[in-house]
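Q: Using only what follows, build the 3D model:
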Amino acid sequence: MIFLCMYTNLIDNNMRQRDEESDLRKISYKKLWKLLIDKDMNKKELSHLANISQSTLTKMSKGESVNIEMLARICNALDCEIHEIIEMVTDDNCDT
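A: As a prediction, the model looks like this:
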């Protein structure tokens, strides 16, 4: 009986944690992609100019997190502020 109560509590805690995680906002790089279009620059050129790897840009294209240092390099290369290349969005509004 004790085991059953512990197991039930564990499941309840896991389900609560999943609900809380689904409410988290995600990073969108959509602003960066629009900025590159405005500057008539492709990802390969950005990679070279900002000294970041293609794999970092691939991660960003997939909406994955990258190191803040990579974002700083991009901002320096494009002469912009971080809010001009990323934004926090709800999961259902995140199109990378």
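Q: alpha carbons only for contacts and neighbour counts from here, please
A: Will do.
Q: Where do the helices of this structure begin and end?
A: 2-22, 30-38, 43-50, 54-61, 68-78 (DSSP state H).
Q: Buried residues in the fourth one, which are they?
A: Okay, so that is helix 54-61. Applying a neighbour-count criterion of 16 or more other CA atoms under 10 Å, the buried positions in helix 54-61 are 56-57, 60-61.
Q: lowest average confidence, helix or strand, in the protein?
A: Comparing every helix and strand of the chain by mean pLDDT, DSSP states H and E singles out helix 2-22 as the least confident one, with a mean of 51.
Q: low pLDDT regions in the chain?
A: Of all residues in the chain, those with pLDDT under 70 make up the ranges 1-23, 92-96.
Q: how about a cut-off of 80?
A: Filtered on pLDDT under 80, the chain yields the residue ranges 1-23, 91-96.
Q: Look up the closest residue to Arg25, ignoring the ones flanking it.
A: Among residues not flanking Arg25 along the chain, Thr90 sits closest, at 4.5 Å (CA to CA, 6 or more residues apart in numbering).
Q: measure that neighbour to Lys30 for me?
A: According to CA to CA, to the nearest Å, Thr90 stands 13 Å off from Lys30.
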